[in-house]
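Participant: Turn this into a structure:
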Amino acid sequence: MGNVFGGGGRRLYLSNSGTEVFVDVLMLAVSELADDGWDHRFAALLTLQDQNVMGRGAVGFDLQAIAWGATARDRARSKGFVLRATALAASGHRWGELGYRPAFAEDHLHRFAALVEPFEPAGDPDPDGGFPGPDEGASACCARHRVLSALPHWEGCFLCVRPR
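Facilitator: Numbers count the residues shown, from 1 in each chain. The predicted structure follows:
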């Protein structure tokens with residue numbers, strides 16, 4: 001059992017453990033770079049990939065379901081953010097704080113970037129795709145770990161609530 005991240009007719013299948021590691025390292029990078037409302041919405045989408053809350057094998061998203069922006073400039077900026085965050089994560093950014101060695105994370109991130117790079121965001125996302133709305137961005141930050149989270153809806157950031 002695993003999870004699928006897709007877009008533009010391409011798919012990235014990750015095991016449940018691979019998904020957890022992928023989301024963890026990407027969340028650290030997204031938290032570092034987020035400075036716009038869209039970035040916080042993408043962070044909220046990542047918080048929804050927490051299998052400890054949503055269920056194992058029950059997460060994943062399609063790039064076509066993301067509201068990338070109303071204009072070509074907005075869409076390019078949003079896509080650029082995802083690629084910058086993915087590159088930062090692949091560089092090992094803050095991996096030492098995880099409490100484990102993120103095996104295969106670099107490969108998963110490179111494969112995700114290869115999925116995002118050729119993807120052409122559309123102006124109209126899938127309305128049932130689950131991308132958080134403008135008022136649903138992850139604006140709370142765990143003071144202890146400096147990670148955007150679904151606080152106050154969940155008990156804490158992924159570093160606070162997961163046993164290691």
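
Participant: Count the neighbours of residue 133 for me.
Facilitator: Neighbourhood size, residue 133 [other Cβ atoms under 10 Å]: 9. C-betas here are computed from N, CA, C, even on glycine.

Participant: no wait, residue 16
Facilitator: Residue 16: 15 neighbours (other Cβ under 10 Å).

Participant: what does the one 10 residues further on give?
Facilitator: Residues lying near residue 26 (other Cβ under 10 Å) number 25.

Participant: How many residues are close by residue 119?
Facilitator: Residue 119 has 19 neighbouring residues, counting by other Cβ under 10 Å.

Participant: cool, and residue 108?
Facilitator: Applying other Cβ under 10 Å, I find that residue 108 has 25 neighbouring residues.

Participant: That one - that's part of a helix, no?
Facilitator: Yes: assessed by DSSP: H, G, I helix; E, B strand; the rest coil, residue 108 belongs to a helix.

Participant: Assess the claim that it and residue 23 are in contact.
Facilitator: No: contact criterion Cβ atoms under 8 Å: residue 108 and residue 23 do not qualify, at 9.9 Å.

Participant: Assign a three-state SS to residue 5, would you?
Facilitator: For residue 5, the secondary-structure state derived from three-state DSSP is strand.

Participant: what is it paired to in the beta sheet?
Facilitator: Assessed by DSSP bridges, residue 5 has beta-bridge partners residue 12.

Participant: Could you report the neighbour count for it?
Facilitator: Count around residue 5 with other Cβ under 10 Å applied: 23.

Participant: so what's it up against?
Facilitator: 11-12, 14, 60-63, 112, 115 (Cβ atoms under 8 Å, 6 or more residues apart in numbering).

Participant: Distance to residue 40 and neighbour count added to the residues you listed, as a markdown table?
Facilitator: Shown next, in a markdown table, are those (distance: Cβ to Cβ, whole Å; neighbours: other Cβ atoms under 10 Å):
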| residue | distance to residue 40 | neighbour count |
| --- | --- | --- |
| 11 | 26 | 12 |
| 12 | 23 | 19 |
| 14 | 24 | 21 |
| 60 | 21 | 18 |
| 61 | 16 | 19 |
| 62 | 20 | 17 |
| 63 | 18 | 23 |
| 112 | 20 | 22 |
| 115 | 22 | 18 |
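
Participant: Perfect, I'm done here.
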